[in-house]
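# What shape does this take:
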Amino acid sequence: MRPLDFVLLVGYAVALSVGQLLFKLAAPATKVPDFAAGVSGLLMSPAFVGGAVLYAALMFYWTWLLGRVPLNYAYPIVALCFVLVPLMSWLVFGERVGTIYFVGLVFIVVGVAIIGFASSP
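Sure, this is the predicted structure:
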């Protein structure tokens, strides 16, 4: 995989992670008695709308990336979301992340690095 493609894929993972934070920010709008009111609240939430627009744009970006990189190399890079989202939620929302959790995150990063720097077939 070319270094630029790796960077573009990491950018995709970062953007997906930001989308998750936006959805978390929008989540309080769903704390209502019924589903319809929750949907209405989400549609009025700037965080939800921003996350949805971001995810829609990322669909096109992902498809473009798959034109550059084989899926079997691209998709494991998305696993970085499993690292970025907990770290961002810890930093932004103060959510608890324990030591063992951090050890697991290190294993994910090492695995993604191995895949990212492996030679393409």
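# In the chain, where's the longest helix?
Within the chain, and with DSSP state H defining each element, the longest helix by residue count is helix 3-26.
# Following that one in sequence, what is the next regular element?
The C-terminal neighbour of helix 3-26 among helices and strands, as given by DSSP states H and E, is helix 35-43.
# Next, the contact list for residue 71, please.
Residue 71 makes contact with no residue under the criterion Cβ atoms under 8 Å, 6 or more residues apart in numbering. The way it works is simple: take the backbone N, C-alpha and C, and place the C-beta from them, glycine included.
# Low-confidence bits of this structure, can you list those?
For the chain, the stretches with pLDDT under 70 are 116, 119-121.
# Look up phi and psi at the most far-flung residue of it relative to its centre.
Here the centre of the chain is the reference, and by Cα atoms, centre = their mean the most remote residue is residue 33, at 29.3 Å. Backbone torsions for residue 33, taken as degrees, to the nearest 10, come to phi -60, psi -30.
# From residue 23, how far off is it?
From residue 33 across to residue 23, the span is 21 Å (Cβ to Cβ, to the nearest Å).
# Now do the buried residues in the longest helix of the chain.
Across helix 3-26, burial judged by 16 or more other Cβ atoms under 10 Å covers 5-6, 8-10, 12-13, 15-26.
# roughly how far apart are residue 26 and residue 66?
Separation of residue 26 from residue 66 (Cβ to Cβ) stands at 28 Å.
# Ok, residue 111 next?
Shown here: residue 111 relative to residue 66, a distance of 20 Å by Cβ to Cβ.
# Then residue 2?
When Cβ to Cβ is the yardstick, residue 2 and residue 66 sit 14 Å from each other.
# Check residue 58 too.
Using Cβ to Cβ, one obtains 12 Å as the distance from residue 58 to residue 66.
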